[in-house]
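[1] Need the 3D shape of this:
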Amino acid sequence: MMPPENMRVLKVEDFEEQIKACKNSDIARNRVIAVIQHFDTIKHEMPVFSQDKFIEFLKTEKWVADVPQLSRFRLYRILKGTGRRPQLHFGMWLVVSAIWPGNEYVLGIADEMSKHWGVQFRGTAPWFPSTLSDDYIAQKWDGHVHEAENQPTDNTEGTNGDENVEGVNDNSDDNADDRKRRAEVLDEAAKHSTPKKQKTSGDEDAIDYEGRTHKETQKLYVDTVRHLLKVGDLWQTEKHAREQLAHENGQLQDIIAKHAEKIKQLSSENEMSKPSRENESLADLTSQNNELMSDNLVKSQIITRLRDELLRQKQVFENKQSKYNNIKAQLENTKAQQENTKAQLKNTESQLNEAKFKQENTKAQLE
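    Below you'll find the predicted structure:
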């Protein structure tokens with residue numbers, strides 16, 4: 001624990017200009033207060049140099065904002081790596097976890113922070129890994145994630161063409177039928193790629209006009225068929241994902257409509273709960289006024305919770321829509337690949353037939 005004289009102090013006044021620059025200064029001020037309270041809770045566990053790094057970060061970085069959605073908050077997008085490799089900067093993490101405590105997406109970043117630092121983060125609760133050395137903290141602070149930590153390993157090369165496509169459930173009966181269908185197609189491809197007559201060792205190494213042996217051409221034909229099957233799997237995956245998104249979007253719309261109706265009903269009841277008090281005594285008016293204020297406070301709290309829920313549901317909807325757009329783009333790319341693959345398959349078949357014809361002519365000449 002740091003001695004009191006080594007504690008750095010942050011004040012709301014330090015960010016007054018940034019707060020005033022926001023359209024909704026109340027939201028911006030509350031967020032600044034939340035970040036300062038977050039820092040005050042953990043600074044006694046932080047080395048002096050890390051306190052200074054965090055304060056310098058706050059005073060030089062553009063983080064004071066009033067955007068309502070987490071997905072639009074700049075530091076969150078950097079932590080998440082939206083459109084680029086994520087940067088798990090500890091200062092950015094403190095700000096985001098202080099402003100959106102308990103958010104499921106921020107909790108997901110906490111898991112990534114745990115992996116990056118090698119210690120378990122406690123969700124979005126104020127916490128600092130004080131048991132680590134100063135050198136290690138300085139090394140991990142900026143949060144630059146190496147490519148090997150962030151990207152999955154490409155294991156497609158050298159496989160047998162039956163690998164799973166992301167998003168396909170191998171436990172379903174449909175996929176069992178798909179696997180059987182793929183096996184039949186591959187067997188058929190292998191059968192058609194083999195000449196009817198028995199090949200000799202010399203024929204195995206015959207060179208076609210593009211410099212490939214017959215064996216290489218045969219392998220290219222089978223690999224092309226496998227690739228076409230993978231394209232079909234991607235198509236089915238996108239179709240299932242699109243149907244699921246449509247179903248979830250419908251559910252979200254129903255929830256939003258129900259919450260809007262509740263808000264409307266509460267507002268109507270609030271208006272109806274104001275009785276006429278023209279002929280009542282001052283004491284009765286005071287008593288009823290207190291009751292109304294209490295009732296309005298409760299209803300205001302309910303409306304606030306409903307509004308927050310609406311915002312959360314809207315954010316979920318936006319994330320789902322973004323995912324759908326990504327899948328749609330992937331489908332369009334897959335369609336283009338499929339057309340190229342079909343053309344390649346036709347070319348391969350033509351080469352195979354020509355190779356067979358040349359082989360038969362060669363045998364006829366030898367005989």
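
[2] any chance you could map the helices in the stretch 201-350 of the chain?
    201-204, 214-272, 282-366 (DSSP state H, counting those that start in this stretch).

[3] just so I know, which of these lies nearest Ile137?
    helix 282-366 (32.5 Å; Cβ to Cβ). Backbone N, C-alpha and C define where each C-beta goes, glycine included.

[4] tell me which residues in stretch 76-94 are buried?
    Counting neighbours by 16 or more other Cβ atoms under 10 Å, one finds that the buried residues in stretch 76-94 are 76-80, 86, 88-94.

[5] any residues touching it, and which ones?
    35, 38-39, 50, 53-54, 57-58, 61, 63, 70-71, 75, 96, 100, 105-106, 109, 112-113, 116, 140-145, 147, 150 (Cβ atoms under 8 Å, 6 or more residues apart in numbering).

[6] ditto for stretch 97-110
    With Cβ under 8 Å, 6+ apart, stretch 97-110 has contacts from 31, 34-35, 37-39, 70, 73, 76, 79-80, 88, 93, 96, 121-126.

[7] quick one: which of these sit in helices?
    If you go by DSSP state H, the contacts of stretch 97-110 have 31, 34-35, 37-39, 76, 79-80, 93, 96 in helices.

[8] Just give me the closest of those to Asn353.
    Distances from Asn353 to the ones in helices among the contacts of stretch 97-110, taken by Cβ to Cβ, are shortest for Lys80, at 52.3 Å.

[9] what about the closest one, distance to Leu297?
    Applying Cβ to Cβ, to the nearest Å, the value for Lys80 to Leu297 is 37 Å.

[10] Taking the ones in helices among the contacts of stretch 97-110 together, which two end up most distant?
    The widest separation within those (Cβ to Cβ) is 24.0 Å, between Gln37 and Lys80.

[11] hmm, back to that, buried ones only from the contacts of stretch 97-110, please, as a PyMOL command.
    Applied in PyMOL, the following selects the buried portion of those according to 16+ other Cβ under 10 Å:
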select buried, resi 31+34+35+38+39+70+73+76+79+80+88+93+96+121+124+126
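
[12] how many other residues sit next to the closest residue in space to Leu266 that isn't next to it in sequence?
    Excluding the flanking residues, the one nearest Leu266 by Cβ to Cβ, 6 or more residues apart in numbering is Lys299, at 5.3 Å. For Lys299, the neighbour count with other Cβ atoms under 10 Å is 16.

[13] ok so, going back, would you list the buried residues of stretch 76-94 in JSON lines and tack on pLDDT and distance to Asn319?
    Shown next, in JSON lines, are the buried residues of stretch 76-94 (pLDDT from 0 to 100; distance: Cβ to Cβ, whole Å):
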{"residue": "Tyr76", "pLDDT": "95", "distance to Asn319": "12"}
{"residue": "Arg77", "pLDDT": "93", "distance to Asn319": "13"}
{"residue": "Ile78", "pLDDT": "94", "distance to Asn319": "17"}
{"residue": "Leu79", "pLDDT": "94", "distance to Asn319": "15"}
{"residue": "Lys80", "pLDDT": "91", "distance to Asn319": "11"}
{"residue": "Pro86", "pLDDT": "88", "distance to Asn319": "16"}
{"residue": "Leu88", "pLDDT": "95", "distance to Asn319": "20"}
{"residue": "His89", "pLDDT": "96", "distance to Asn319": "22"}
{"residue": "Phe90", "pLDDT": "96", "distance to Asn319": "25"}
{"residue": "Gly91", "pLDDT": "96", "distance to Asn319": "25"}
{"residue": "Met92", "pLDDT": "96", "distance to Asn319": "20"}
{"residue": "Trp93", "pLDDT": "97", "distance to Asn319": "20"}
{"residue": "Leu94", "pLDDT": "96", "distance to Asn319": "24"}
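
[14] Domain map for the protein?
    4-150, 173-366 (automatic domain parsing).

[15] which of those domains has the lowest average pLDDT?
    Among those, domain 173-366 has the lowest mean pLDDT, at a mean of 71.

[16] quick one: contacts for Glu61?
    Counted by Cβ under 8 Å, 6+ apart, Glu61 has contacts 75, 91-92.

[17] for those, which one is nearest Val316?
    Among the contacts of Glu61, and counting by Cβ to Cβ, the member closest to Val316 is Leu75, at 20.4 Å.

[18] now the closest one: how far from Phe49?
    Taking Cβ to Cβ, one finds Leu75 at 21 Å from Phe49.

[19] Leaving out the residues flanking it, which one is nearest to Arg31?
    Excluding its sequence neighbours, the residue lying closest to Arg31 (Cβ to Cβ, 6+ apart) is Ile99, at 4.9 Å.

[20] Quick check: the one you found vs Val222, distance?
    55 Å.

[21] Check His89 too.
    Noted for His89: a distance of 48 Å to Val222, by Cβ to Cβ.

[22] try Ile256
    The value you get for Ile256 to Val222, if Cβ to Cβ is used, is 51 Å.

[23] what's around the nearest residue to Thr224 once chain neighbours are set aside, how many residues?
    Leaving aside its chain neighbours, Thr224 sits nearest to Leu345 (4.7 Å; criterion: Cβ to Cβ, 6+ apart). Neighbourhood size, Leu345 [other Cβ under 10 Å]: 17.

[24] Now do the same contact list for Leu345.
    221, 224-225, 228.

[25] 10 Å - rerun?
    189, 220-221, 224-225, 227-228 (Cβ atoms under 10 Å, 6 or more residues apart in numbering).

[26] unless I'm mixing things up, Lys11 is touching Val35, no?
    No: at 11.8 Å, Lys11 does not count as touching Val35 under the criterion of Cβ atoms under 10 Å.
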